[in-house]
Every structure is written in structure tokens, then in C-alpha cells.
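Student: Next input, structure requested:
(2 chains)
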Amino acid sequence: MEKRLFIKGNEALAQGAIKAGCRYYFGYPITPQNDIPEFLSKQLAKTEGCFIQAESEVASINMLLGASAAGARAMTSSSSPGISLMQEGISYLAGSELPAVIVNITRSGPGLGGISASQGDYFQATRGGGHGDYRTLVLAPHSVQEMHDLTLLAFDLADKYRNPVVILGDAVLGQMQETMIDRAYRPMELAPKDWTLTGAAGREPRMIKSLYLKEGEMERHNWKLFEKYQRMKEEEVRHEASLEEDARLMVVAFGTTARVSKTAIRLARAEGLRVGLFRPITLFPFPDQALLDLSQRVKRFLSIEMNTGQMVEDVKLSVARDADVYFYGHAPGSPPIPEELLEAIKKVY
Amino acid sequence: MKQVFKRPQSLKDVPFHFCPGCHHGTIHRLVAEAIDHFDLRERTIGVAGVGCSVFVYEYFDIDVAEAPHGRAPAVATGLKRVLRDRIIFTYQGDGDLASIGMSEIVHTANRGENITVIFVNNTVYGMTGGQMAPTTLLGQQTTTSPYGRDFLQDGYPIRMAEMLATLEGTSFSARVAVNTSANLMKAKKAVRRAFEMQTNDLGFSFVELLSSCPTNWGLNPIRANERVEKELIPYFPLGIFKERKGTDYL
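Tutor: I've put the predicted structure just below:
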């Protein structure tokens, strides 16, 4: 049965986590994501699981590592500076092939920055973020509905690939309230977890580690991880394209920027400009093939971001050689407004 | 003929890689004996710190998770909260626990997590080549305190067992040594007691074991063993600093 809720993004996400079977949450307070731990501290106490307010983000991510090693669905959430502190743990999760859901309700940086929305963490999220040659799956919601739905997907994908999944929201998506349809969750069909640490009762002991010292071991492990990332590229790319049929210019944008771009594109269309929107939903794997296909007919792409130029690099790598890629950046500090983006569209149309 | 001595069931039948005279092997054995004593092998999960202690997974015949440097108590917390009926212990050195992992150990103790921490204090970073640790004694020369540890520059060696004993959340905190037969027997008892407390849900138990590191101390095994008695024990006194009884919770 479908319920309609008028709900805040952060709470929609937290509800999604519980619906997906997450019973363990570890986190440290930071604005603008505090609604998530506040909601879960109340709700998880009613389950067999638990909520821990950790002493730091460093501890949070390692508690998550332990809970994941024990086979549980678990998550943490934070905002940009806190996510920086978690990078060591995320690297260990990736190296140890442990599923985990990590929510980044971004704020602006660098440093302490500010608490307004930002897409300045795009590189950090899509390039691994910590040390070593690894990737995390990165999901980019652009609505309260997606804050919920992509959280359900995040838990499935984390288990499917035994890999950390990052949900890259932002302050606007976390704090805004809108209608959400509370759909039933149909979990993916997944292989049983035959690798968890539960005590070696009637079986050989297992270990979960990322240290490889023997000759050739480390290389083999890295290639194994690489093959997993290739599989993600084949099976998990998600994007949304709209008004592309007759488009002369495609805006490429994700998250909150995509929301504002939609309004700007409506304004442009009203003025007779043939503009469409390409919205990556997975930032890793990036929808490069879909962009390449599109660039066979559309020759102008405008990457709009709440940073000074990050995703535009992936757009450039994706499109055909004869397509032009432009960039408009609204530097972290506040979200852009539609009229501002309309100007940017007109400039390169 | 009655067999009186054998490898504990919780240890794999493989030789240790530790340097001659190092106490890690002895301490591994004490932990394995405690696990065997309470018949816990099939429901115990170890968490390895980073340093010489990381190879716990090579030697113990149990499930083991490897934690990032200093984070073993946080990883153990995650494991224990999911698997409340399992026995979780961390095995950490002094660089791991008392330096980079100070925050995790203090807060894990303070939460009273029902886990056991085995803390091996040999006053140096062993695996990385004998650098100064938070437990390095004043005047002790290491590869990064070549003129000897000076409190004006490096502060003082930290007494972890006493410090953790001050926390309400700690249920058991002891310091032991394995340098003599008499000390070894006491160490065995303390380690056993720590695991026993966890099996009885009595909360956070901590055992600091003074250990020699002949290689990084630049001493032969006999001299290194003597140093434990002459230099370490006077600064790091042996004893039980806190021990809650079941009745304390009534």
C-alpha cells in the first residue's frame, strides 16, 4: 500500500534505511545532517539493533566496519568535514570488501566552510576519497523521494558488491520538505553472506583484512577490485535524460543543481531555446556511455555544478570529440537561482 | 603417559614470526589458553591492531578482523553490538592503543563495552623499526628519540591501566608481565579473569602486558627480559587497578 508523506529529506533517507533493514547506526553530530541521527536514535531503540553516538567520525566509520564484518546492514551519516575524517575507514572498507552505506549531506568547504549546500565533494566521492586504488558507488539524489528510494538501493548495492556506497546529498536536499510516496521495499535477490565473522563454529576460521604482504598478493587483490568496479560500470549506471529529443544544448547537472536547472530549462524553453537535461544518478559509475551516445547528435553540453569545476572533467571524458563542453560553476556558499542558470545557458546556447 | 603441555586449541599449528626473545608469542599463548579454558574458540572473534600485533589472524584459529591503526576498539564495538553473545577481544600494541588509538580506547572503556582488550606494552613501535612510543621511558633511546626521551620535548610515558581504571565504564583493569614464571602465572590469571568477565556480561575488561622487544631495544633476549624487571616494572607497576564484582551491579 502506498502512503503519501510530507517529509524532510534527511528523515526520508533515515526512514529508507530502516525500511532496508538497517538496524545499526553510528555517527557524530554535524550540521546539516543531524535529523538523520536524531531520527534513528529514536527508532533504532525500538529494534533489536542499536544507535551509537560515537566519539568521532573516525570511530563511527570503524564501528560501521565492525558491524558490517558481523554481517549486519549498518550505516553512518555525516557532512563534508566529517566525511574527510572517515576516509581512512572507507579505504579499509573497500580494501576489506565490506558493504557499508555512508551518507554525505554536504556542506561547503574547504575547512570548516559553511553549512550551506555544496558539490565540492564530487572528486572526493567519485575518486575513492581515501588512499589506495579503489572506488565507492556514489548515488546522487535530487529530491526527497530519491533520498528515500536511493537509500533502499544503496543497501542492496553495498551487499551485492561488498563495497561501500556513498549517498551524496547536500544541505538543501537534507533540509527541504516535500511529498514522498512511501513505497514498499522489494529487496534485490542477493547471495547469502558466507564471509561474515560470527565465530568459527563448525567451520574454518575467517578473516577480514586488507593487508597483503606475500609476493603478488596485493596486485591480485587490486585487479580483483578493479574487475568489481568494471562490473559496476556494466550493471549499475543510472541517469535521467529529459527534453533531449530536439535539444541543441544539454545541461548536465546532479542533485540540487539539477533541480534548479530544471526550472532554468523551463524558462529557456519558454523563450524558445531547445535545452534538455542530463542528470547522472550514479556519479560512480558515471553514465559515460549514455553521454557519448547523446553527443552523436547533441553537440553542446553545459555542466552546471555547485563548485568551481569537478564533474565537468567526467563530462569531457565522456562525450564525442566534436562535442563542445562548457562549464558554469556556482561556488559553494549558497545554491544557484534559476535566472542565474538561464543566463549561463544563454551564454553558450 | 599423561600429556601435560600442548599447543592451545585456539592457536594454529604454525611457527611464530616474532623475533627471538619477544614476548608476543607468550602473550598469544596466554590469550589462547584463556579462550580454551572457557571453551570459547568457536564463538570468539579477535580484532587485530596494526603493528606486530596485526598477525593475530595468522596464529589464532578463530575469526579475526583487522582494524585500521588504533581503531580496534571501535571495530570491536561494532562487532559486539551486532553479536552480543559472542566474545570479542582486541589485541593492540602501545603505539596503536596509547597514541593514535587513545580516543577509541578511552571512549570504548567509558561506554563500558562488554569486550576484552589485550594491550601489549613494549615501550616502542616494534614493526616500524623501534620509534618512540607514548610508553617509551624517560631517557630511553629509540630511533626517533636518539638522545633519550626528554619530558620537556616528548612528555611522559603514559600509564594506561591506571588511567582507564579511573573511568566509570571500566570493569577490570590490570597490568601484568610475563618476564618470570611467577609473573607469568599472574598474567595468566588476569587474562583469564578478563575473558571470564566478558562471558558474565560484566563489561569492559583491560589487561596491559609488559613485553620485551629485544630487537628494538638493542638487547639480547636475556638482557631484554631483565630490562622488563629493572626498568619497566618500577615505572609501570604490576597489579589489578580495578575489578568490579557481579554484585556491584545489583
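
Student: Any chance you could list what contacts the helix or strand of chain B with the lowest mean pLDDT?
Tutor: Of all helical and strand segments in chain B, the minimum by mean pLDDT, DSSP states H and E falls on helix B:56-59, at a mean of 94. By Cβ atoms under 8 Å, 6 or more residues apart in numbering or on different chains, the residues outside helix B:56-59 that reach it are A:207, A:209, B:11-12, B:14, B:16-17, B:28, B:46, B:48, B:64, B:66, B:91. Every residue, glycine included, has its C-beta placed from N, CA and C.

Student: For B:Arg223, state which of these is nearest.
Tutor: The shortest distance between B:Arg223 and any of the contacts of helix B:56-59, using Cβ to Cβ, involves B:Phe16 and amounts to 20.7 Å.

Student: what's the burial count for the closest residue to chain A within chain B?
Tutor: Ranking the residues of chain B by distance to chain A (Cβ to the nearest Cβ) places B:Gly78 first, at 2.4 Å. Other residues near B:Gly78 come to 32 when the count uses other Cβ atoms under 10 Å in any protein chain shown.

Student: rewinding a little: show me which of the contacts of helix B:56-59 are buried.
Tutor: Burial by neighbour count, 16 or more other Cβ atoms under 10 Å in any protein chain shown: within the contacts of helix B:56-59 this picks out A:207, A:209, B:11, B:28, B:46, B:48, B:64, B:66, B:91.

Student: Among the residues you listed, which are located in strands?
Tutor: Within the buried ones among the contacts of helix B:56-59, membership in strands is found for A:207, B:46, B:48, B:64, B:66, B:91, as judged by DSSP state E.

Student: If the fourth one is in a bridge, with which residues?
Tutor: Looking back up the chat, that one is B:Val64. Residues in a beta bridge with B:Val64, per DSSP bridges, are A:Met207, B:Gly46.

Student: ok, it to A:Phe26 distance?
Tutor: Distance from B:Val64 to A:Phe26, counting by Cβ to Cβ, to the nearest Å: 21 Å.

Student: One more: the last one?
Tutor: As judged by Cβ to Cβ, B:Tyr91 and A:Phe26 stand 22 Å apart.

Student: quick one, what contacts residue 127?
Tutor: I'll assume chain A. Residues counted as contacts of A:Arg127 (Cβ under 8 Å, 6+ apart) are A:Arg135.

Student: Let me rephrase: I mean chain B.
Tutor: Taking Cβ under 8 Å, 6+ apart, we find B:Met127 in contact with B:50-52, B:54.

Student: and the two most separated of these?
Tutor: So, these by Cβ to Cβ: farthest apart are B:Val50 and B:Cys52, at 9.3 Å.

Student: circling back: contact partners for the residue of chain B closest to chain A?
Tutor: Contact analysis of B:Gly78 by Cβ under 8 Å, 6+ apart lists A:24, A:26, A:62-70, A:74.

Student: my read is it is in a helix, agree?
Tutor: Yes - note on B:Gly78: a helix contains this position according to DSSP: H, G, I helix; E, B strand; the rest coil.

Student: Quick check: closest non-adjacent residue to it.
Tutor: A:Gly66 (2.4 Å; Cβ to Cβ, 6 or more residues apart in numbering or on different chains).

Student: distance between the helix or strand harbouring that neighbour and the chain's centre?
Tutor: Taking DSSP states H and E as the criterion, A:Gly66 maps to helix A:57-69. Relative to its parent chain, helix A:57-69 has a centroid offset of 19 Å by Cα atoms, centre = their mean, to the nearest Å.

Student: Next: stretch A:201-210.
Tutor: Distance of stretch A:201-210 from its chain centroid, counting by Cα atoms, centre = their mean, is 31 Å.

Student: what about it, how long is it end to end?
Tutor: End-to-end distance of stretch A:201-210 (Cα to Cα, to the nearest Å): 23 Å.

Student: Report the buried residues of it.
Tutor: Under the neighbour-count criterion of 16+ other Cβ under 10 Å, stretch A:201-210 has A:205-210 buried.

Student: ditto for stretch B:157-173
Tutor: In stretch B:157-173, the ones that count as buried by 16+ other Cβ under 10 Å are B:157-165, B:167, B:170-173.

Student: Kindly report the same for stretch A:28-44.
Tutor: Those would be A:28, A:30, A:32-37, A:39-40, A:43-44, for stretch A:28-44 by 16+ other Cβ under 10 Å.

Student: Among these, which pair sits farthest apart?
Tutor: Every pair in the buried residues of stretch A:28-44 was compared (Cβ to Cβ); the two farthest apart turn out to be A:Pro32 and A:Leu44, at 21.0 Å.

Student: Please see if the helix or strand where B:Leu184 lies touches chain A.
Tutor: With elements taken from DSSP H and E, the one containing B:Leu184 is helix B:181-199. No - using Cβ under 8 Å from any Cβ of the partner chain, we find that helix B:181-199 stays clear of chain A, coming within 13.1 Å at best.

Student: Rounded mean pLDDT for that helix, please.
Tutor: If you average the pLDDT over helix B:181-199, you get 98.

Student: does the nearest residue to A:Arg135 once chain neighbours are set aside sit in a helix or strand, and which one?
Tutor: Among residues not flanking A:Arg135 along the chain, A:Tyr229 sits closest, at 4.9 Å (Cβ to Cβ, 6+ apart). A:Tyr229 is part of helix A:217-235, with elements assigned from DSSP H and E.

Student: Would you mark the buried spots in that helix?
Tutor: For helix A:217-235, by 16+ other Cβ under 10 Å, it's A:225, A:228-229, A:232-233.

Student: quick one: which of those is nearest to A:Leu85?
Tutor: Looking across the buried residues of helix A:217-235 and measuring by Cβ to Cβ, the closest to A:Leu85 is A:Leu225, at 23.2 Å.

Student: residues in contact with the closest one?
Tutor: A:Leu225 makes contact with A:94-95, A:97, A:133-134 under the criterion Cβ under 8 Å, 6+ apart.
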